[in-house]
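A.B. asks: task: produce atomic coordinates for the following.
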Amino acid sequence: MWFSFWRSRDRFSLDQLRYLTDQLTKVQIVNEVNKDFVIEALRSIAELITYGDQHDPSFFEFFMEKQVVGEFVRVLKLSRTASIPLQLLQTVSIMIQNLRSEHAIYYMFSNEHMNYLITYTFDFRNEELLSYYISFLRAISGKLNKNTISLLVKTHNDEVVSFPLYVEAIRFAFHEENMVRTAVRTVTLNVYHVGDECVNRYITSAPQTDYFSNLVSFFRNQCMDLNRLVSETWKNPGPDSTSAIIAAVDEIEDNLYYFSDVISAGIPDVGRLITDSILMLLIFPILLPSLRVVDVNDMQSGVVTSLYLLCCILRIVKIKDLANTIVAALFYPLESFTKFSMGKVNGYISDHGFISVSQEPDDDNIAKCKAECLAVNVPPSSSSSGFHPESVMSEDNCSSSNLALREVLLAYVTKGNDVQVLGSLSVLATLLQTKELDESMLDRLGILPQRKQHKKQLLQALVGEASGEEQLFSSENSLMRDGSGCELDVYLEKIKEQYGMSFLSSDFVTSPRVPRFQVLDALVSLFCRSNISAETLWDGGWLLRQLLPYSEAEFNSHHLELLKVSYKNSANALVKEVRGFWPDLLITVLCNEWRKCKRAMESSYPPKEPKCILFPSQLFSSEEDIPEGSSFAAGERMHELVKVFVVLHQLQIFTLGRPLPEQPLIYPPGDLLVNSRAQTSGLDVSGPKPGIELSLVNAVPCRIAFERGKERHFCFLAISVGTSGWLVLAEELPLKKPYGVVRVAAPLAGCNPRIDDKHPRWLHLRIRPSSLPVLDPAKFNAHEKLKTKAFVDGRWTLAFRDEESCKSALSMILEEIDFLSDEVHRRLKPLLNFETALDLSGLSICVPEEDSSSHTTPPNSV
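C.D. replies: Coordinates of the predicted model:
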């Protein structure tokens with residue numbers, strides 16, 4: 001019988017389907033002998049049914065008439081080998097995925113055959129079988145609609161009492177294999193988006209509702225794993241640990257997007273179920289308690305992870321109640337959340353948020369943690385805000401449990417380390433961009449943009465709720481007086497009633513102006529700090545621009561004075577760079593960063609994503625592995641100083657309500673000095689490229705060995721043209737004196753000339769690179785520290801005929817460096833003096849066109 005299967009027959013014919021079906025019905029047992037035939041028959045039937053669905057309806061009519069799906073089930077029951085279930089699941093999946101006829105789908109889902117296969121006891125220890133089973137469930141879910149879903153559920157009195165597809169799928173929702181979890185999510189989303197009311201009621205009834213809380217529990221464990229990874233990475237940074245964090249972050253964000261997709265299906269009560277689970281299992285017991293104030297030198301990974309996760313949840317999960325409840329919780333003191341933190345969750349003691357399992361959960365340790373919490377005492381209003389964040393981080397104050405979490409965020413901005421500042425700014429920026437938040441909530445936080453305040457006040461004035469002048473010019477914000485500010489009170493009461501947390505209203509600041517001044521004080525204080533990276537300051541500048549986009553209306557004289565002093569200090573530091581290692585690239589870097597900063601400040605989104613705070617190696621520029629005195633380290637410092645100067649200068653313009661110019665106001669290049677060495681040698685701005693001829697009238701003969709034992713004779717020349725300069729070694733042309741050919745050229749700036757102490761005819765020169773990573777990213781990859789570690793400055797030692805020649809060469813170098821530095825300083829003058837810049841801002845000042853040739857030195861060649 002088995003050999004007759006291979007008879008020649010038209011492959012895509014009804015006869016072939018009839019023959020295969022007839023042979024399949026004759027199978028009474030499936031074993032090693034006939035399994036290959038059965039597998040081939042199942043595969044061929046699927047192929048024929050798919051073909052017939054698209055070309056000949058009679059194929060599927062025969063399929064229904066002979067009840068072939070029932071034969072499939074019968075064969076499965078007879079099977080004694082693992083290969084038959086594999087092929088059967090694949091066969092049915094292929095058929096369901098490819099059938100286009102609604103009539104065909106109805107037949108496939110009827111007669112309980114699909115539910116039988118769904119609930120069949122497969123041996124899932126076989127990973128391949130599990131993969132086929134999950135694909136089978138996904139194929140079924142892809143064909144669900146309001147008509148077909150009724151064929152897969154069991155009902156009693158018009159209520160769904162059983163839905164095997166959904167129940168069996170969520171059994172694997174937390175499988176260790178990511179592909180399985182992803183497929184299960186697809187199945188559930190396909191179910192949710194059908195929109196069948198009876199099915200929705202079944203999904204939101206016990207015990208199916210446990211799925212949503214289990215989802216959040218699973219997500220919570222992933223958050224704890226992320227915190228452990230971050231902690232380990234900070235202790236032992238490396239490419240492998242960074243990759244692990246990136247993978248963990250991707251999975252966490254995928255989970256949150258899944259929450260968002262579930263909510264978007266619009267199933268009643270699902271949003272509430274997810275909100276309650278996120279608050280009760282993650283935010284209240286872990287994330288918010290982790291925001292305790294710690295010593296500025298304590299790199300608390302729990303703080304950073306919590307700040308990042310809060311940003312993620314607010315940014316991705318679009319639930320109004322969740323967002324507003326989180327904001328309301330920020331007004332609670334830390335001690336309010338201890339109720340949710342009294343147990344051990346998966347190896348973590350969470351009464352202070354994220355605490356590693358390696359810490360002993362004894363009473364002494366917990367008491368020590370409590371003692372390390374630092375607090376602020378808010379004094380009576382003696383300043384604009386009545387809030388002094390610097391006292392929050394004082395080690396003499398040990399009662400931070402009384403400090404509102406909102407004020408802890410501001411304390412990080414004013415006194416935290418760089419990553420804490422960036423994390424707090426990210427949370428504030430995320431809250432500012434969360435559309436689900438009521439404007440009154442933003443106002444009570446102190447981060448309602450000024451334009452939105454004016455818009456609301458103007459609207460209230462137009463509808464006659466109060467006098468227009470009273471609305472627009474009152475020192476007190478009308479949001480509070482018209483009752484719309486009670487949104488926060490509603491959520492404070494909701495937290496008390498639903499989650500059992502008490503709130504002492506007597507400690508709550510009700511003045512509408514205090515929160516805004518607190519935020520403004522913190523941001524201004526941030527720009528006065530010298531231990532914060534430029535990129536973090538850019539984030540602070542972006543937030544300030546969002547809050548006060550048009551004028552200095554809410555800056556008081558103290559704010560303006562602090563910003564002015566900080567700007568002057570930055571300008572003084574920049575002036576020192578004119579005599580540093582990289583004056584020839586200073587203007588180029590400044591112009592580049594000006595454009596970048598302007599784009600960042602005017603963007604709709606913050607310059608950095610919240611997840612950047614998890615990677616300290618990308619936030620801090622460590623110089624531990626850079627040789628002492630390295631020009632590369634100096635270049636990094638110069639670049640950082642320029643970025644700080646640019647953001648402070650743009651803030652100065654912003655405080656005056658003026659638009660930011662496209663380019664910094666600097667003078668155009670000056671004319672070449674008469675009788676300068678550049679003019680005498682015949683060199684133009686393009687620079688001394690190897691092979692060109694120069695006049696060697698001012699050159700000094702010397703010797704140098706680029707290879708051991710191979711000393712060569714050159715004529716040495718130091719030349720500057722505008723803001724560029726070079727050290728040139730040229731070979732004299734015997735038949736065309738005093739001209740020579742350039743063989744080697746190196747940057748003049750940063751050469752640090754020095755005559756040898758023991759050999760007065762020797763001149764030592766440092767040879768730094770011709771470019772910086774920020775200007776040449778293809779050559780220097782800023783994210784790969786291994787490349788920067790490998791960099792070492794070059795060295796030249798020139799030997800001259802006598803001491804006078806050596807001193808003459810030294811004098812020539814110093815003089816040309818002075819010419820170069822003076823030209824850089826001259827062009828920067830209008831920018832370094834803010835008052836001068838304001839006077840010149842209305843004039844037509846040429847902005848330099850930075851040609852690459854003006855700052856690029858050709859590679860050394862001999």
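
A.B. asks: can you give me how far stretch 677-687 is from the chain middle?
C.D. replies: In terms of CA atoms, centre = their mean, to the nearest Å, the centre of stretch 677-687 is found 47 Å from the chain centre.

A.B. asks: mind checking the end-to-end distance for it?
C.D. replies: Criterion CA to CA, to the nearest Å; first-to-last residue distance in stretch 677-687 is 13 Å.

A.B. asks: how about it: buried residues?
C.D. replies: Neighbour counts over stretch 677-687 (16 or more other CB atoms under 10 Å) mark 677-678, 680-681, 683, 687 as buried. No exception for glycine: its C-beta is placed from N, CA and C like everyone else's.

A.B. asks: other SSEs contacting the helix or strand hosting Lys829?
C.D. replies: Following DSSP states H and E, one finds Lys829 within helix 803-832. Secondary-structure packing of helix 803-832 (3 or more CB pairs under 8 Å, 6 or more residues apart in numbering; DSSP states H and E): helix 557-577, helix 583-602, strand 700-707, strand 710-721, strand 724-732, strand 754-755, strand 762-767, helix 834-840.

A.B. asks: and the angle from the third one to helix 803-832?
C.D. replies: Direction vectors for strand 700-707 and helix 803-832, defined by axes from the mean of the first three to the mean of the last three CA atoms, to 10 degrees, enclose an angle of 90 degrees.

A.B. asks: output strand 700-707 as PDB, restricted to C-alpha atoms.
C.D. replies: Output of strand 700-707 as PDB, limited to C-alpha atoms (Å, rounded to 0.1, in the frame of the first residue of the first chain):
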ATOM      1  CA  VAL A 700      66.600  77.300   9.900                       C
ATOM      2  CA  PRO A 701      68.600  74.200   8.900                       C
ATOM      3  CA  CYS A 702      68.300  71.200  11.200                       C
ATOM      4  CA  ARG A 703      68.600  67.400  11.400                       C
ATOM      5  CA  ILE A 704      66.000  64.800  12.500                       C
ATOM      6  CA  ALA A 705      65.800  61.000  12.500                       C
ATOM      7  CA  PHE A 706      62.400  59.500  11.800                       C
ATOM      8  CA  GLU A 707      63.900  56.100  11.900                       C
END
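
A.B. asks: how far does it sit from its chain's centre?
C.D. replies: 51 Å.

A.B. asks: now do the strands in this protein.
C.D. replies: 154-156, 159-162, 344-345, 348-349, 693-695, 700-707, 710-721, 724-732, 739-747, 754-755, 762-767, 794-799 (DSSP state E).

A.B. asks: so which of these is nearest Asp56?
C.D. replies: strand 154-156 (34.7 Å; CB to CB).

A.B. asks: quick check: mean pLDDT across that closest one?
C.D. replies: The average of the pLDDT scores along strand 154-156 is 92.

A.B. asks: and that strand, what does it pack onto?
C.D. replies: For strand 154-156, the packing partners by 3+ CB pairs under 8 Å, 6+ apart are strand 159-162.

A.B. asks: mind listing what's buried along the strand it packs on?
C.D. replies: Buried residues in strand 159-162 (16+ other CB under 10 Å): Val160.

A.B. asks: that strand pairs with which strands, and in what direction?
C.D. replies: Sheet pairing for strand 159-162, assigned by DSSP bridges, gives strand 154-156 (antiparallel).

A.B. asks: list the contacts of the partner strand.
C.D. replies: The contact list for strand 154-156 (CB atoms under 8 Å, 6 or more residues apart in numbering) reads 160-163, 198.
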